[in-house]
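Peer 1: sharing a sequence plus its predicted fold:
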Amino acid sequence: MRKCIRCGTQMQEGCTVKVEGAGYGVVLSTQEGKIFSGRIGRPKVAVCPACGEVSIYLEDVSKLIN
């Protein structure tokens, strides 16, 4: 359960980021300029139903540790 950093309301989880006009979505990487290496995963999104705050986060941060 994620809580909104603005108002403290329980956020609606399970949302995603979609790029209009493209079917590929968004992937986070630790290596700028490299297409496939350094991938750390797809971001998850939670939205606050009270104030509209959007939280983009990673569920698994283990790939960030070198």
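Peer 2: Yep, it's here.

Peer 1: low-confidence regions, this structure specifically.
Peer 2: 22-23, 33-36, 66 (pLDDT under 70).

Peer 1: what ranges do the helices span in it?
Peer 2: If DSSP state H is used as the criterion, the chain turns out to lack helices entirely.

Peer 1: most centrally placed residue in it?
Peer 2: Centroid-nearest residue in the chain, with CA atoms, centre = their mean: Pro43, separated by 2.8 Å.

Peer 1: now it: closest residue in space, sequence neighbours ignored.
Peer 2: Nearest in space to Pro43, with sequence neighbours left out and distances taken as CB to CB, 6 or more residues apart in numbering, is Ile56 at 4.8 Å. From N, CA and C alone the C-beta is placed, and that goes for glycine too.

Peer 1: that neighbour touches Arg42, doesn't it?
Peer 2: No: look at Ile56 against Arg42 with CB atoms under 8 Å: they stay out of range, at 10.4 Å.

Peer 1: give me the common contacts of the two.
Peer 2: Residues touching both Ile56 and Arg42 (CB atoms under 8 Å, 6 or more residues apart in numbering): there are none.

Peer 1: so the residue nearest to the centre of the chain touches Glu59, yeah?
Peer 2: No: counting by CB under 8 Å, Pro43 does not reach Glu59; the two are 9.1 Å apart.

Peer 1: rewinding a little: how much space separates the residue nearest to Pro43 from Val27?
Peer 2: Separation of Ile56 from Val27 (CB to CB, to the nearest Å): 13 Å.
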